[in-house]
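1. okay, sequence plus prediction incoming.
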Amino acid sequence: MQKLKEIVKKSLEKTFNVEISIAKQKSLIINEAINFEKKVIFIAIPKTGTTSVRTQIRQEGKPLIDNQHLNILQIRDLIYFYLLKKHLGTNYSFPNPDRASDTVLREEVENIFNSFFKFSAVRNPWARAVSLYFRREGVQLKDKLTFHGFCEKHMYASDTCRHPTLHKNQYDWLSSKEGELLVDYFYKVEDFESAIVDIKERTNGRVVLVNKRLNKNPISQSSAYRDMYNDRSRKIIEKRFEKDIDYFKYSF
């Protein structure tokens with residue numbers, strides 16, 4: 001097909017005395033959460049400072065699913081569909097013993113998932129709730145609800161996203177159905193500077209991040225989140241996101 005395009009291109013250029021550029025088709029990638037060259041998977045929980053990391057580990061290409069926020073189980077399933085898409089429609093000979101069976105594909109998925117460095121970021125639930133309230137994308141609420149009214153209705157870790165996956169806690173983005181944590185490493189947004197060093201060491205230098213502040217919301221009050229709460233709203237968040245607070249060791 002590419003050779004045919006070149007023949008047509010040269011013919012048109014000669015006929016009309018013009019120069020024609022043919023844009024190269026982008027290679028297919030799974031999602032910006034996974035980079036095959038760096039052998040890394042980054043689970044981007046909304047409102048945990050993920051834009052900077054995503055832009056730095058993103059592999060060039062056209063994503064199979066162009067959603068920045070997928071949980072770890074969705075990414076694992078997506079690896080299978082990616083491999084399936086790459087293998088289907090590639091048989092041009094008979095007999096065909098060199099074609100991969102479904103069992104082989106699923107084994108390859110497990111090998112990729114287990115061998116890649118899987119990491120994520122988490123955030124103080126009280127600060128994160130304030131950030132969700134002031135968000136400029138997705139479902140915007142600051143002009144529709146008071147912050148205390150938002151806390152009353154705020155039920156899930158991603159329920160103001162345009163493509164919500166209804167997890168109760170940030171932990172649920174990173175765990176199996178049985179509740180087992182599936183990432184190799186997580187860091188607190190508040191400790192990103194030290195996390196950069198850890199990630200470089202744990203990946204043997206494959207992933208080298210810099211502390212860029214991208215997509216910063218100038219109207220958010222999350223840096224002074226305590227001022228947004230009264231006793232009731234503070235306790236609502238404490239009760240609702242108890243798992244995150246206990247596991248990730250957060251306090252108000």
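-> That came through, no problem.
2. all helices in the stretch 1-150 of the chain, in order from the N-terminus.
-> Taking DSSP state H, counting those that start in this stretch, the helices of the stretch 1-150 of the chain run over residues 2-16, 50-57, 72-87, 102-115, 125-133, 147-153.
3. what helices or strands is the third one leaning on?
-> Using 3 or more C-beta pairs under 8 Å, 6 or more residues apart in numbering; DSSP states H and E as the contact definition, the elements that helix 72-87 packs against are strand 28-29, strand 34-35, strand 40-43, helix 102-115. C-beta coordinates here come from the backbone N, C-alpha and C atoms, glycine included.
4. using a markdown table, lay out the ones you listed together with mean neighbour count and distance to V207.
-> Formatted as a markdown table, the helices and strands packed on helix 72-87 follow (neighbours: other C-beta atoms under 10 Å; distance: least, C-beta to C-beta, whole Å):
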| stretch | mean neighbour count | distance to V207 |
| --- | --- | --- |
| strand 28-29 | 15 | 17 |
| strand 34-35 | 24 | 8 |
| strand 40-43 | 24 | 5 |
| helix 102-115 | 13 | 14 |
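5. got JSON lines for these, with mean pLDDT and distance to S233 too?
-> Below are the helices and strands packed on helix 72-87 laid out as JSON lines (pLDDT from 0 to 100; distance: least, C-beta to C-beta, whole Å):
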{"stretch": "strand 28-29", "mean pLDDT": "83", "distance to S233": "41"}
{"stretch": "strand 34-35", "mean pLDDT": "92", "distance to S233": "37"}
{"stretch": "strand 40-43", "mean pLDDT": "96", "distance to S233": "28"}
{"stretch": "helix 102-115", "mean pLDDT": "94", "distance to S233": "39"}
